[in-house]
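Asker: Requesting a structural model of the entry that follows:
(2 chains)
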Amino acid sequence: AQSVAQPEDQVNVAEGNPLTVKCTYSVSGNPYLFWYVQYPNRGLQFLLKYITGDNLVKGSYGFEAEFNKSQTSFHLKKPSALVSDSALYFCAVSPRSNDYKLSFGAGTTVTVRA
Amino acid sequence: EADIYQTPRYLVIGTGKKITLECSQTMGHDKMYWYQQDPGMELHLIHYSYGVNSTEKGDLSSESTVSRIRTEHFPLTLESARPSHTSQYLCASALAGGTGNTQYFGPGTRLTVL
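Answerer: Residues are numbered from 1 along each chain as shown, chains lettered A, B, ... in the order given. Got it, this is the predicted structure:
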């Protein structure tokens, strides 16, 4: 069975500072990894995914994520956070061998203060 | 934003009423999903479908039922709503096969049962 851990319920940063949201995963075999963002009263929006190849994945709104196989991690990063990045972020995983269902983490609330 | 729609966006209803939450997508996706999410909390998969006339129960037991008569339509029904059903319901769809099961989400239906 696959699972995702997001060890921080909340992340608080000042605008302009780097933002990191942590994610570790457990899956049989090689994974597909995803990040989604959710704004209040909205559905989830896809940010980026790792399939294969370059361990650094670039996504929407200036976000990127680094896949680290040895540490089974897929941390989300943004070099300079904006107040508008304040939202709930979800990491998700599925095994490549059976990718019909995603397992989501519990979510991390990001607050960027002006 | 993905082309996946949910109606109604908000619903307040009394105990015992029958309700149907609508979900439709215009992307021709084979896979569709229903998640239940309390505000700001993790997602729980309650139903999914791989195609027409295919439905499966998800990881979280739910009293709701679903149907998939047309590819683009995946409604969720509660025969007798109860206060414990108060939650947000998110619908998602994904293209079968390919590299990674990127799910695209609708805006959600916020259900309140009095």
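Asker: drop to CA atoms for contacts and neighbour counts, all remaining ones
Answerer: Noted.
Asker: Give me the neighbour count for the nearest residue to B:Gly40 once chain neighbours are set aside.
Answerer: Nearest-residue entry for B:Gly40: A:Leu88, 7.2 Å, with adjacent residues in sequence omitted and distances by CA to CA, 6 or more residues apart in numbering or on different chains. Using other CA atoms under 10 Å in any protein chain shown, A:Leu88 is surrounded by 23 other residues.
Asker: Equivalent analysis for B:Glu63, please.
Answerer: B:Glu63 has 12 nearby residues by other CA under 10 Å.
Asker: what residues are up against it?
Answerer: B:Leu78 (CA atoms under 8 Å, 6 or more residues apart in numbering or on different chains).
Asker: And it, its phi and psi?
Answerer: Per-residue torsions, B:Glu63: phi -80, psi 0 (degrees, to the nearest 10).
Asker: how much space between it and chain A?
Answerer: B:Glu63 sits at a distance of 21 Å from chain A (criterion: CA to the nearest CA, to the nearest Å).
Asker: Dump stretch A:52-62 to PDB, restricted to CA.
Answerer: Output of stretch A:52-62 as PDB, limited to C-alpha atoms (Å, rounded to 0.1, in the frame of the first residue of the first chain):
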ATOM      1  CA  THR A  52      10.800  10.100 -14.600                       C
ATOM      2  CA  GLY A  53      14.000  11.800 -15.600                       C
ATOM      3  CA  ASP A  54      15.300  15.000 -14.100                       C
ATOM      4  CA  ASN A  55      14.800  15.000 -10.300                       C
ATOM      5  CA  LEU A  56      13.900  18.700 -10.300                       C
ATOM      6  CA  VAL A  57      10.400  19.300 -11.600                       C
ATOM      7  CA  LYS A  58       9.200  22.700 -12.500                       C
ATOM      8  CA  GLY A  59       5.500  23.500 -12.300                       C
ATOM      9  CA  SER A  60       2.900  26.300 -12.200                       C
ATOM     10  CA  TYR A  61       3.300  29.700 -10.400                       C
ATOM     11  CA  GLY A  62       7.000  29.400 -10.000                       C
END
